[in-house]
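Enquirer: Could you look at this predicted model? Sequence included:
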Amino acid sequence: MKKIVLLLLLLGSVRPAAAAAEAAEDAPAKPVVVVDLIDADAATRLALVCLQGIVNRGAKSPELYCVHTPEDRAWFRRVYAGRGFVAEEQTPAAALARFADRVKGEILYDPAQPGSINLATTLAGLEDALPSTTHDEARRTLEDLRGKFKSHTEAFRWAMEKLLPRCSREKVALLADTQMALRDYMVAEKLLVVGLDPEVPAEAERLPELFRGCPAGVQLFWGERVGPPAETRKLLADPNGRSVPALSRAENVRLIPGANVGNLSFHARVPAYMPLRQLKRLAQHNPVKYVTFLFSGDGNLDFAFGRMRALWDDDARGHLPLGWELHPALSELAPAILSAYYADAWWAGADQFVQAPTGAGYLPPTDPKALSTFAAETAKAARAADLTLLSAVAPEAPDAAKHWAALLQSPVPSGLLALGAAAPPARAAGRPLIGETVRVADVEKAVQAITEAAARQKFILAVVDAARMTPTQVAEVATRLGRDYLIAPPHLFMDLLAEHLVLENTEPRLATAKLTGVTYSPAKPGPEDPIVVKAKVTDTPLDLRVVYSINGSPEFTEPMLLEGGEYRATIPPLLRGGSLKFRVRLADLMLVPRTQHSDACVLTIKAADTDDDTLSDVQERIWGLDPKRADSDGDGLNDANDPAPLAPLTRPEGLVGPMIAAIATTPRTPPAAGKPMAVQALVFDPAGVESVSVKVTAAGRDLGGGAMKEVGQSQVYRYPLPTLIAGQELTLTLTARNKDGKTSEETLQLPVTAGVRITKPTVADPERPPIVTARTAIEATVSGKVAWARFLINGHEVAKLTEEPFRYVWDPLNYAPNTHEIAVEVYNEKDELIDGDIIFLRTTKKRR
């Protein structure tokens, strides 16, 4: 993952799923009739969406797809065309003829009559019939609604008496006559559709009657969209309380706003093709301000299908850590659409997802008993798509605290983002909570607001107005903030906040929690198997989590939750082969933070890689690639390195030899003085690469050079550098030749920064840390000028020094028997991190 992210930063936009429009060779063809309704009249649209619900409900695989907007067509190409679904474009009339045998009759309605369209939709689902304004001799009339009702209230009473008892009562819909897209799902699920207007007192009075005719916690699909949290709070403050959000909250209804989404009868019947799990980086603290940017759809279901899709294709997305709200109902309503987002997020490694407001429904209920059930449903939704971080619309101030605590009462939610509330960072039910610090709707104002907020608090939640801002504009904000700010994705941001709050607010205590055992299953996991890790602990720790890395990647983490009397966490499926290394970390607080680690466990995951491109066949299936070709699009760049593996890369004009990209020094860029460094680059060509060489100079001196060697079959070439001196400018000139004899050249200049190495104690083999039984001096040697250094034990600062020698005496007797991380970091005058070094030491049981 680390390599992929580096290459993406230099190669361009990140859209593997968008390019996956070619059907996999071995996928069975599933024909789908696609009907364009963008220019169709209302009667035709109603007939087709009702037909769609009937057809897709009764089919083994969905067969009818309607195009209401350009986004509908884009989603079909993006998700379904590469997974066996073959589009057959047909006119509305042809589609009606094609599926005529699925229809049992007609429902006659009058579009000018109150309630007629919604009643016709409901009856279409119950009777497998088509709504029609005129009689068709070829069909039997099952119900004639024309001239039957004079008002919406009359139509509603008839629906409650005659239709609701026959409908599924777990869900209902509130739609205006003009809102057509959602109706296919209503028909497929046999749901009641009503059109009461809460602004009309006589109709608003009937809504509670509808809700009370359904089970507690019924889902209400509402065709209208909600606005920002500030608007919702105004509605809740209205003494009449007739708004849909206010009524749903009072009546314990799970409101789903912005629900006029098309093709849900299709989306809901195509399973997820990607594990709905997120990779969460392990928190590492820095002396900076932390900012997380969260793109908010204000809790509307349609955000994921429309505006978010456009923002997702922005060129800056995937290169900057960003958070995105996803509605929890999507795991049921559109699992394949959700898969597309998760697959892209895994590929780029920069995006994370948050559960949209406010969990199981837009607003939590007012009844305390109902609130407990609501919280349990929210936790269930969080598990389904790994949306364990919740965003919430803050209710009135007196109720906010109890609602937040109730939402976090389950062990599943990892934290809460209170939108529209100026809540300072705090802990609720032992979990981190932060209110909306800044609303981002303009670049200039956002930079100013974040800067001002940073003077008050270290952690800043920046909620992005998705209607006004793009990832490119957010990237501009981040750039202008500078290096004093760390931009973190939301899960990492909240983990950092949680540790900060513990250190700031938890009183030291007798640390008695100890790790006594760790188990995992299955014993031999495959690439698609989640790995369950269980830990035995003698007491309740402040924090317990599994920490893991994949093939030497940066460390990821999952919190271990106490369930059924045992602590457990699930590592997501790797999707690829290689080495999985994990350990359990226990954190507690005595006079100083104390951390214990279990012994590291290393598992070898075996996965087929037919084309030897380092992507497993499982990954290639997920991203719609060709598992038999290392370079699916034939541009010379292997799929594992290609940000758009099905869209050939455009070569720069005039380039005749290999393309040389992603030149960097490793293990860090810019290079550090006084420690082993190497230069590496991605080099590729459709004709194949014959050779790559490098020439190295610094401060006018020739430091030599030579042939760069390919690392395995990765297309990454590497060359070890001589020891560098801080303050000099390093010049690297790379020359590559392809198998046709054509050459190309690229040059990179980098400053050499100060470097630090832990020189004592000596660790000969990092995989076998030495055992330390007595007080031990940790000494660090610095090459170049630094302002100060700090020592960290297991991620917690234990010493800060401003003068050399940089030395700290560590007493292992104060730490539990385990493996401990010893780190040194050096900073410049601006308190910017320059370099660091890490070793691991082991402690044993104390002798009596």
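Expert: Ah, there it is. Residues are numbered from 1 along each chain as shown.

Enquirer: Settle this for me: residue 766 is touching residue 841, isn't it.
Expert: No: in this structure, residue 766 is not within contact of residue 841 by CB atoms under 8 Å, at 11.0 Å. No exception for glycine: its C-beta is placed from N, CA and C like everyone else's.

Enquirer: Can you pull the phi/psi pair for residue 532?
Expert: phi -90, psi 120 (degrees, to the nearest 10).

Enquirer: for it, what are its contacts?
Expert: Contacts for residue 532 (CB atoms under 8 Å, 6 or more residues apart in numbering) come out as 520-521, 568-570.

Enquirer: biggest separation within these, which pair?
Expert: Maximum pairwise distance among those (CB to CB): 12.3 Å, between 521 and 569.

Enquirer: Going by how many neighbours each has, rank the two and give me the top one.
Expert: Taking neighbours as other CB atoms under 10 Å, residue 521 and residue 569 compare with residue 569 leading, 22 against 12.

Enquirer: In a strand, the more buried one, correct?
Expert: Yes: per DSSP: H, G, I helix; E, B strand; the rest coil, residue 569 lies within a strand segment.

Enquirer: List the contacts of it.
Expert: Shown in contact with residue 569 (CB under 8 Å, 6+ apart): 532-533, 545-546, 558-561.

Enquirer: Tell me the buried residues in the helix or strand encompassing residue 452?
Expert: Element membership for residue 452 (DSSP states H and E) is helix 443-454. Across helix 443-454, burial judged by 16 or more other CB atoms under 10 Å covers 443, 446-447, 449-451, 453-454.

Enquirer: do stretch 153-171 as well
Expert: 153, 155-156, 159-160, 163-164, 167, 171.

Enquirer: Now do the longest strand along the chain: distance to the chain's middle.
Expert: When the chain is parsed with DSSP state E, its longest strand is strand 578-589. Here the centre of strand 578-589 is set off from its chain's centre by 22 Å, with CA atoms, centre = their mean, to the nearest Å.

Enquirer: I'd like to know which elements it is packed against.
Expert: If you count contacts as 3 or more CB pairs under 8 Å, 6 or more residues apart in numbering; DSSP states H and E, strand 578-589 packs onto helix 490-505, strand 515-521, strand 531-537, strand 543-550, strand 593-597, strand 601-605.

Enquirer: CA-only coordinates of the fifth one in CSV, if you can.
Expert: What that stands for is strand 593-597. Provided in CSV are the C-alpha atoms of strand 593-597 (Å, rounded to 0.1, in the frame of the first residue of the first chain):
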residue,chain,number,x,y,z
PRO,A,593,1.5,5.9,30.0
ARG,A,594,2.3,2.2,29.9
THR,A,595,2.0,-0.1,26.9
GLN,A,596,2.2,-3.8,26.5
HIS,A,597,2.6,-5.7,23.3
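
Enquirer: Pull the residues that contact that strand.
Expert: Strand 593-597 has contacts (CB under 8 Å, 6+ apart) with 503, 511, 514-515, 547, 583-588, 793-796, 814-816, 818-821.

Enquirer: What strands line up against it, and which way round?
Expert: Strand 593-597 sits in its sheet next to strand 578-589 (antiparallel), going by DSSP bridges.

Enquirer: Name the residues of the partner strand that are buried.
Expert: So, applying 16+ other CB under 10 Å, buried residues of strand 578-589: 578, 580-589.

Enquirer: average model confidence for it?
Expert: Mean pLDDT, computed over strand 578-589, is 90.

Enquirer: now swap in stretch 200-219 and tell me
Expert: pLDDT averaged over stretch 200-219 gives 90.

Enquirer: In that stretch, which residues are buried?
Expert: For stretch 200-219, the neighbour count (16+ other CB under 10 Å) marks 203-204, 206-207, 210-211, 214, 216-219 as buried.

Enquirer: Which of those residues sits closest to residue 754?
Expert: Nearest to residue 754, judged by CB to CB, of the buried residues of stretch 200-219 is residue 219 at 58.6 Å.

Enquirer: Distance-wise, check that closest one relative to residue 513.
Expert: In this view, residue 219 and residue 513 are 41 Å apart by CB to CB, to the nearest Å.

Enquirer: likewise residue 610?
Expert: Residue 610 is 47 Å from residue 513, where distance means CB to CB.

Enquirer: The two - which one has more neighbours?
Expert: Between residue 610 and residue 513, residue 513 has the larger neighbour count (other CB under 10 Å), namely 20 against 14.

Enquirer: was I right about that one contacting residue 536?
Expert: No: Residue 513 is beyond contact range of residue 536, at 10.9 Å (criterion: CB under 8 Å).

Enquirer: Can you give me every residue that contacts the nearest residue to residue 63 once chain neighbours are set aside?
Expert: What sits nearest to residue 63 in space, not counting adjacent residues and going by CB to CB, 6 or more residues apart in numbering, is residue 55, at 5.5 Å. For residue 55, the contact set (CB under 8 Å, 6+ apart) comprises 62-64, 99, 102.

Enquirer: one more time with 6 Å
Expert: Residues counted as contacts of residue 55 (CB atoms under 6 Å, 6 or more residues apart in numbering) are 63-64, 99, 102.

Enquirer: likewise residue 550?
Expert: By CB under 6 Å, 6+ apart, the contact list for residue 550 reads 574, 580.

Enquirer: Equivalent analysis for residue 329, please.
Expert: Residue 329 makes contact with residue 256, according to CB under 6 Å, 6+ apart.

Enquirer: and what of the one 4 residues further on?
Expert: Shown in contact with residue 333 (CB under 6 Å, 6+ apart): 264, 268.

Enquirer: next one: residue 106
Expert: Residues in contact with residue 106 (CB under 6 Å, 6+ apart) are 129-130, 132, 136, 139, 141.

Enquirer: do the same with residue 478
Expert: Per CB under 6 Å, 6+ apart, neighbours of residue 478: residue 487.

Enquirer: For it, which three-state class applies?
Expert: On the basis of three-state DSSP, residue 478 is classed as helix.

Enquirer: before we move on, back to that, between the helices and strands packed on strand 578-589, which gets nearest to residue 719?
Expert: Nearest of the helices and strands packed on strand 578-589 to residue 719, taken as CB to CB: strand 543-550 at 25.6 Å.

Enquirer: Report all helices and strands that the helix or strand following the closest one contacts.
Expert: Downstream of strand 543-550, the next assigned helix or strand under DSSP H and E is strand 556-559. Strand 556-559 is packed against strand 543-550, with contacts defined by 3 or more CB pairs under 6 Å, 6 or more residues apart in numbering; DSSP states H and E.

Enquirer: about what we covered before: what's the closest of the contacts of residue 569 to residue 391?
Expert: Distances from residue 391 to these, taken as CB to CB, are shortest for residue 559 (18.5 Å).

Enquirer: What is the neighbour count of the closest one?
Expert: Residue 559: 18 neighbours (other CB under 10 Å).

Enquirer: Who are the contact partners of residue 419?
Expert: Taking CB under 6 Å, 6+ apart, one finds 229, 391, 393, 436 in contact with residue 419.
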